[in-house]
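[1] Curious how this folds, go ahead:
(one chain, ligands or ions: 1)
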Amino acid sequence: MNPETLRQQVRKQPFEAFRVYLSDGSHYDIRHPEMIAITQAASTLGSKWLNEASIYVTIEPCSMCAGALVLARIKNIVYGAKDPKTGACGSVINIVNHKKLNHRIKVEKGILEKECGYLLKEFFRKKRAKQQ
Ligand SMILES: [Zn+2]
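    From the prediction side, this is the model:
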């Protein structure tokens, strides 16, 4: 898919661009908030580089999002809660400050950690309740 087609698709159906279809007809979503934010910021600014941008998230980005943030050359990441299972800003691995990568990101962590932890617990509690 060429970049302009992807840009048009993201504008029309922002979440569809983050759906991965498998050969058996099933699909899964990779629409983490960071991926959506990167795509929308790049589309709005008309640039794939977000050198002066900061991203604020409730939980530490995963490895997919951390990698995308490095590729987008985000300047700062601010997050509340650590993710001891998949966090890629230092908890499990540190992609955003890996010395072999060509871009590093300033990270501020633990901002409103307790409140962010509460929001996440509530989000997943409601999601589980819907599934039952
Ligand atoms: Zn993620």
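[2] Now residue 33, what are its backbone angles?
    The phi/psi pair for residue 33 (degrees, to the nearest 10) reads phi -50, psi -40.
[3] Report the contact partners of the residue lying closest to it once chain neighbours are set aside.
    Nearest residue to residue 33, sequence neighbours excluded (Cβ to Cβ, 6 or more residues apart in numbering): residue 57, at 6.3 Å. In this view, the C-beta of every residue, glycine as well, is placed from N, C-alpha and C. Going by Cβ atoms under 8 Å, 6 or more residues apart in numbering, residue 57 touches 33, 34, 77, 78, 79, 80.
[4] go on, residue 60?
    79, 81, 82, 83, 87, 88, 89, 90, 91, 109.
[5] Pull out the buried members of those residues.
    79, 81, 82, 83, 87, 88, 89, 109 (16 or more other Cβ atoms under 10 Å).
[6] Tell me the residues of the protein that contact the ion?
    Listed as neighbours of the ion in the chain under the rule Cβ under 5 Å from the ion: 32, 62, 65.
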